[in-house]
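A.B. asks: take a look and give me a structure for this.
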Amino acid sequence: MNISMEGSVEGDLGIEKMITNLRELDGKAVEAGVFGGFDQKKAMWQEYGTSRGIPARPFLRNALYENEGRFANYVAPFITNILNGGSADGVVNALGPFMQMSIQRTIAAGGFAPLAASTIAKKGHSKQLIDSGSMYGSIDWRAV
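C.D. replies: Predicted coordinates:
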């Protein structure tokens, strides 16, 4: 038994308009992390470790690796909206806070190199990457 179908699609399907709409995303990017000041230095020391005995506690890289798929799934409806004529800024304004929250959740989840006994005694607790809350609170996002 053979089944066959023939057909064609004619006319404007709106693909050119969709492509034009998607071009609004060209050059848009979102960053999340700690931008400037002493908190940025502390974040770098924690992320990569130091020669002075601070082990690497890669909260930024871990947040990216653990959430890469979530970021893509999160923006998918916004991309559909752009295809239908929506603004590209909606993607940026939604993804930025989502990335910021993901980094903060990674810190809160812990699982990093344990603190030295002297650090625990000084801080009064063993929670890594949280002392005064300054660095945690300075995690932000920006459109670039």
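A.B. asks: alpha carbons only for contacts and neighbour counts from here, please
C.D. replies: OK.
A.B. asks: and the closest residue to residue 104 other than its chain neighbours, how far is that from residue 34?
C.D. replies: Among residues not flanking residue 104 along the chain, residue 136 sits closest, at 6.6 Å (CA to CA, 6 or more residues apart in numbering). Separation of residue 136 from residue 34 (CA to CA, to the nearest Å): 9 Å.
A.B. asks: returning to what we had before: what number of residues lie near the residue nearest to residue 104?
C.D. replies: Close neighbours of residue 136, defined as other CA atoms under 10 Å, add up to 20.
A.B. asks: now do it against residue 22, distance only.
C.D. replies: Residue 136 is 34 Å from residue 22, by CA to CA.
A.B. asks: show me the residue at the heart of the protein, geometrically.
C.D. replies: Residue closest to the mean C-alpha point of the chain, counted by CA atoms, centre = their mean, is residue 99 at 3.1 Å.
A.B. asks: so for the residue nearest to residue 104, what's the pLDDT?
C.D. replies: pLDDT recorded at residue 136 is 95.
A.B. asks: before we move on, what about residue 140?
C.D. replies: For residue 140, pLDDT reads 97.
A.B. asks: confirm it sits in a strand?
C.D. replies: Yes - with DSSP: H, G, I helix; E, B strand; the rest coil as the criterion, residue 140 is located in a strand.
A.B. asks: so what's it bridging to?
C.D. replies: Beta-bridge partners recorded for residue 140 (DSSP bridges): residue 33.
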